[in-house]
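[1] Sequence plus predicted model, see below.
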Amino acid sequence: MSLSSENSFAYVAAMSHEGQPHRFAPTAQDIEALALEALARLPAPFTDHLHNVVLFVEEFADAQTLKDMDIDDPFGLTGLYTGRPVGQEAQTGDAPPTVHLFRRPLLDEWIETGVPLDALITHVVVHEIGHHFGLSDIDMHVLEDMVAP
């Protein structure tokens, strides 16, 4: 998806580099724009395998997901990858691979850590996309350094 106007771009840029305007919390669309920017910075060998990955931005993970992951606090999950990693053969009935970003936990982490929002979103997106490629934590950190804002 692309940003709908130059004003949206300026707003997202302000969150990234100059700090969030005090009266507005970043919307799901703002988070999505930052995630898409992070994905666009991935090198070609990775982007070649992302055409069928679906990105969702939701307020929180649903109760069943939290229960399945044994997470008690809904603020404890900022992102989630579901699907078959690249290289595993798809099965009939498989849903497309998905990356879910959870807005409220991301915003809380952003406030608590002071990490720029674009850097935080990049970190979470790279981690979740790393699962799509079956990367180790070390490989994910190397990839994150490559695409840092």
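    Great, that's in hand.

[2] rest of the way, CA atoms for contacts and neighbours
    OK.

[3] The closest residue to Ile121 other than its chain neighbours and Pro85, how far apart?
    Spatial nearest neighbour of Ile121, excluding adjacent residues (CA to CA, 6 or more residues apart in numbering): Ala35 at 6.0 Å. Here the criterion is CA to CA, to the nearest Å. By it, Ala35 lies 19 Å from Pro85.

[4] So which of those two has more stuff around it?
    More crowded of Ala35 and Pro85, by other CA atoms under 10 Å: Ala35, with 24 against 17.

[5] State the distance from Met146 to Ala40.
    Looking at Met146 against Ala40, where the rule is CA to CA, the gap reads 12 Å.

[6] To clarify, my last question referred to Phe60.
    The spacing between Phe60 and Ala40, counted by CA to CA, is 25 Å.

[7] try Ala90
    25 Å.

[8] in stretch 32-40, what's buried?
    Judged by neighbour count (16 or more other CA atoms under 10 Å), stretch 32-40 contains these buried residues: Glu32, Ala33, Leu34, Ala35, Leu36, Glu37, Ala38, Leu39.

[9] for stretch 61-81, same thing?
    Of the residues in stretch 61-81, those buried (16+ other CA under 10 Å) are Ala61, Leu66, Pro74, Phe75, Gly76, Leu77, Thr78, Gly79, Leu80, Tyr81.

[10] Averaged pLDDT, it. What do you get?
    Here the mean pLDDT over stretch 61-81 is 96, rounded to a whole number.

[11] just how off-centre is it within its chain?
    Remark: stretch 61-81 is offset 15 Å from the chain centroid, using CA atoms, centre = their mean, to the nearest Å.

[12] Other residues contacting that stretch?
    Contact partners of stretch 61-81, identified using CA atoms under 8 Å, 6 or more residues apart in numbering, comprise 60, 97-106, 108, 124-125, 128-129, 131-132.

[13] Buried members of those residues into ChimeraX, please.
    Selecting the buried subset of these in ChimeraX, with 16+ other CA under 10 Å as the burial test, is done by:
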select :60,97,98,99,100,101,102,103,104,105,106,124,125,128,129,131,132
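
[14] Just the contacts of stretch 61-81: which are in helices?
    When the contacts of stretch 61-81 are checked against helices (DSSP state H), the matches are Arg103, Arg104, Pro105, Leu106, Asp108, Val124, Val125, Glu128, Ile129, His131, His132.
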